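# Sharing a model that was predicted from the sequence below.
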Amino acid sequence: MTNEKLYDLSMIRDMLGEEEEVKNMIGIFVESTPVSLHDMNEGFKEDNADKLARNAHKMKASLDMLKINSLYDDVRKIDKDFKVEDIPQNELEEIIKKMNSVLELVFKKLKEEFKL
């Protein structure tokens, strides 16, 4: 991974204003996104392109809002609007691994930052 910031909360802070509201939104993100990530992984393991793509799609808006730019292209590549089954298996596996490692780090840092 590059030295690029993992995430940027400026959009959420601008939108919500109150730091307590930001914390609530981050709390929802760190509770719900791991579920979608897990389900996306299950879809990959089960060779279920629809399940994989649906869960990537669920995460897309949150990743954009938190400006997790390192996953911008990846999540779009496997979003439900694309043909996941057309992506070579090794490339898909690399995308899944990257999403898991980046998001695990994001969850950890957000929990530390917001004392969740």
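It's in. Numbering: from 1, shown residues only.

# the helices in the protein, which residues?
10-16, 19-45, 49-65, 72-77, 89-114 (DSSP state H).

# which one of the ones you listed lies closest to K83?
Evaluated over the helices of the chain, closeness to K83 peaks at helix 49-65, with 7.9 Å, by C-beta to C-beta. Backbone N, C-alpha and C define where each C-beta goes, glycine included.

# okay, the closest one in CSV with CA atoms only?
Once non-C-alpha atoms are left out, helix 49-65 reads as follows in CSV (Å, rounded to 0.1, in the frame of the first residue of the first chain):
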residue,chain,number,x,y,z
ALA,A,49,-21.0,-13.7,-8.6
ASP,A,50,-24.4,-12.2,-7.7
LYS,A,51,-23.8,-12.4,-3.9
LEU,A,52,-20.2,-11.0,-4.3
ALA,A,53,-21.4,-8.1,-6.5
ARG,A,54,-24.4,-7.3,-4.4
ASN,A,55,-22.3,-6.9,-1.3
ALA,A,56,-19.7,-4.8,-3.1
HIS,A,57,-22.5,-2.6,-4.2
LYS,A,58,-23.7,-2.2,-0.6
MET,A,59,-20.3,-1.0,0.5
LYS,A,60,-19.6,1.4,-2.4
ALA,A,61,-21.4,4.4,-1.1
SER,A,62,-19.8,4.1,2.3
LEU,A,63,-16.3,3.7,0.9
ASP,A,64,-16.9,6.8,-1.2
MET,A,65,-18.2,8.8,1.7
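
# Might you calculate how far that helix sits from the centre of the chain?
Distance of helix 49-65 from its chain centroid, counting by C-alpha atoms, centre = their mean, to the nearest Å, is 7 Å.

# Check the average confidence over that helix, would you?
Averaging pLDDT along helix 49-65 yields 94.

# List the buried residues for it?
49, 51-60, 62-63, 65 (16 or more other C-beta atoms under 10 Å).

# got it, and stretch 98-105?
99, 102-103.

# Specify which member of these is nearest to F44.
M99 (10.0 Å).

# thought that closest one was touching F44?
No: applying C-beta atoms under 8 Å as the test, M99 and F44 come out as separate, 10.0 Å apart.
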